[in-house]
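> fold the stuff below for me.
(chains A and B)
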Amino acid sequence: NAGVTQTPKFQVLKTGQSMTLQCAQDMNHNSMYWYRQDPGMGLRLIYYSASEGTTDKGEVPNGYNVSRLNKREFSLRLESAAPSQTSVYFCASSEAIRGVFYGYTFGSGTRLTVV
Amino acid sequence: AQSVTQLGSHVSVSEGALVLLRCNYSSSVPPYLFWYVQYPNQGLQLLLKYTTGATLVKGINGFEAEFKKSETSFHLTKPSAHMSDAAEYFCALKPSEAGSYQLTFGKGTKLSVIP
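Residues are numbered from 1 along each chain as shown, chains lettered A, B, ... in the order given. Below is the predicted model:
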């Protein structure tokens, strides 16, 4: 099925370790996003990529880096994980064509625990 | 700047009763508005969206929402709750202006359905 695929689904890290969360979409969308979800906080934007070759900070970018590898793939890297980065991470993509916005499609999430 | 406020972090209704989940927004430009549903340990699924046109929007699973500009509201309703509606619901906003990508979420409302 077409959509947004995230890997891994679960991960436990020790404080200070690094890891990369992977995201790929097969809908030919131009824009991709990384959100984190914490209880009682809703979803908050970490980084986004409006189109291939561009990335921009969102609301909570500290401690993260991103790479838009190509049109399909958008990865999120934690260089030195901290317990405060324990969260559920969602990747999403979207498209707008000739002024018509087609909405966001979300992946199923990565549950990350930093101990 | 934009923001989304969901009134009530937890709402309980009896099976068969009306579901009303409240969402108010603040936006400096006309908004696109969305409702997403999240079942336990799953990703976000789009229920419905308002972009332009008819202000009463119908979505999946019998839900609908009405965009009221004068009240800056986009409340979600369903005439008769079903046990399968128990989930967390998120209201979200994106400015309609071209070049704007960030989707701003409310903090969510957890819906419980009592048999």
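> up against chain A, what does chain B have?
B:4, B:9, B:32, B:34, B:36, B:42-46, B:49, B:51, B:90, B:92, B:94, B:96, B:98-99, B:101-108 (CB under 8 Å from any CB of the partner chain). From N, CA and C alone the C-beta is placed, and that goes for glycine too.
> buried members of those into PyMOL, please.
Applying 16 or more other CB atoms under 10 Å in any protein chain shown to the residues of chain B next to chain A leaves a buried subset, and the PyMOL line that selects it is:
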select buried, chain B and resi 4+32+34+36+43+44+46+49+51+90+92+94+96+101+103+104+105+106+107+108
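> and the most centrally placed residue in chain A, what helix or strand is that in?
Closest residue to the average C-alpha location of chain A: A:W34 at 2.5 Å, with CA atoms, centre = their mean. In the assignment (DSSP states H and E), A:W34 maps to strand A:31-38.
> what strands flank the very next helix or strand once past that strand, and is each parallel or antiparallel?
Using DSSP H and E, the helix or strand that follows strand A:31-38 in sequence is strand A:42-49. Paired neighbours of strand A:42-49 in the sheet (DSSP bridges): strand A:31-38 (antiparallel), strand A:56-57 (antiparallel).
> need the contact partners of the last one.
Contacts with strand A:56-57, where a contact means CB atoms under 8 Å, 6 or more residues apart in numbering or on different chains, come from A:Y47, A:Y48, A:S49, A:A50.
> burial check on the nearest residue to B:H10 once chain neighbours are set aside, number of neighbours?
Nearest residue to B:H10, sequence neighbours excluded (CB to CB, 6 or more residues apart in numbering or on different chains): B:K110, at 4.9 Å. By the criterion of other CB atoms under 10 Å in any protein chain shown, B:K110 has 15 neighbours.
> report the separation between B:K110 and chain A.
Separation of B:K110 from chain A (CB to the nearest CB, to the nearest Å): 10 Å.
> and that residue, what pLDDT?
Note on B:K110: pLDDT of 96.
> same question for B:Q2.
Predicted confidence (pLDDT) for B:Q2: 86.
> pull the helix or strand with minimum mean pLDDT from chain A.
Least confident helix or strand, chain A: strand A:100-106 with a mean of 82, by mean pLDDT, DSSP states H and E.
> name the helices or strands packed onto it?
strand A:87-97, strand B:31-38, strand B:44-50 (3 or more CB pairs under 8 Å, 6 or more residues apart in numbering or on different chains; DSSP states H and E).
> that one: what's the following helix or strand?
That would be, after strand A:100-106 and using DSSP H and E, strand A:110-114.
> partners of the least confident helix or strand of chain A in the sheet?
Short version: by DSSP bridges, strand A:100-106 pairs with strand A:87-97 (antiparallel).
> now the partner strand: buried residues?
For strand A:87-97, burial by neighbour count (16+ other CB under 10 Å) applies to A:S87, A:V88, A:Y89, A:F90, A:C91, A:A92, A:S93, A:S94, A:E95, A:A96.
> what does stretch A:29-36 rub up against?
Contacts of stretch A:29-36 with the rest of the structure, by CB under 8 Å, 6+ apart, involve A:21, A:23, A:25, A:43-52, A:58, A:60, A:64, A:66, A:68, A:71, A:74, A:76, A:87-96, A:104-105, B:101, B:103, B:105.
> repeat that for 6 Å
Counting by CB atoms under 6 Å, 6 or more residues apart in numbering or on different chains, the neighbours of stretch A:29-36 from elsewhere in the structure are A:43-51, A:74, A:76, A:87, A:89-95, B:101.
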